[in-house]
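S.K.: okay, predicted coordinates and the sequence, questions at the end:
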Amino acid sequence: MDEQRKMVRAETHLAGRAALKQASAETEPCLIRNLSPVGARVVFCTPVTAPEAFDLFLDSSDQTYRARTIWHGENEVGVVFREARENAPDVLVDPSPTDDP
C-alpha cells in the first residue's frame with residue numbers, strides 16, 4: 001500500500017470508544033494504534049462494520065472527535081478527523097527545544 005499520509009503518525013496504545021451506530025448511545029471499545037493531529041488507526045477486538053463517519057472518543061484526553069473512514073479491514077479502521085486536533089494527546093507533542101549542545 002502506498003503511503004498517502006500528509007503527517008507522520010505516532011505509534012500509540014490508547015484506549016478509546018467508537019460510536020459506530022447512528023442514533024445509539026452504544027459504543028464499541030477500541031485501541032488507537034497510531035495517531036496524528038489529522039487521523040488514526042483504530043483496532044477493535046471483534047470484526048466491525050465501519051460507517052462512513054463516526055465519533056471516536058479518546059479515554060486519555062476525554063475528547064471526542066468526528067472521524068471519517070478512509071479504509072477498513074476486518075477489525076481495524078483508518079480514519080481522518082473532520083477537524084485537525086489542536087489539543088493532541090501528550091504522545092504527539094514535540095518536546096521543547098533545549099539549549100544543550
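M.R.: That came in fine, so what should we check first? All values derive from a computational prediction rather than experimental measurement.
S.K.: quick one: the strands in this structure?
M.R.: Assigned by DSSP state E, the strands in the chain fall at 10-19, 28-35, 39-44, 53-58, 63-72, 76-81.
S.K.: which elements pack onto the last one?
M.R.: Spelled out, that is strand 76-81. strand 39-44, strand 63-72 (3 or more Cβ pairs under 8 Å, 6 or more residues apart in numbering; DSSP states H and E). Glycine gets a C-beta too; all of them are placed from N, C-alpha and C.
S.K.: in that strand, what counts as buried?
M.R.: Within strand 76-81, the residues that count as buried by 16 or more other Cβ atoms under 10 Å are 76-79, 81.
S.K.: give me the sheet partners of that strand and which way each runs.
M.R.: strand 39-44 (antiparallel), strand 63-72 (antiparallel) (DSSP bridges).
S.K.: please save the CA atoms from it in PDB.
M.R.: C-alpha atoms of strand 76-81 as PDB (Å, rounded to 0.1, in the frame of the first residue of the first chain):
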ATOM      1  CA  GLU A  76      -9.500  -2.200  12.100                       C
ATOM      2  CA  VAL A  77     -10.300   1.200  10.600                       C
ATOM      3  CA  GLY A  78      -8.100   4.000   9.200                       C
ATOM      4  CA  VAL A  79      -9.700   7.400   9.800                       C
ATOM      5  CA  VAL A  80      -9.200  11.100   9.200                       C
ATOM      6  CA  PHE A  81     -10.600  13.600  11.600                       C
END
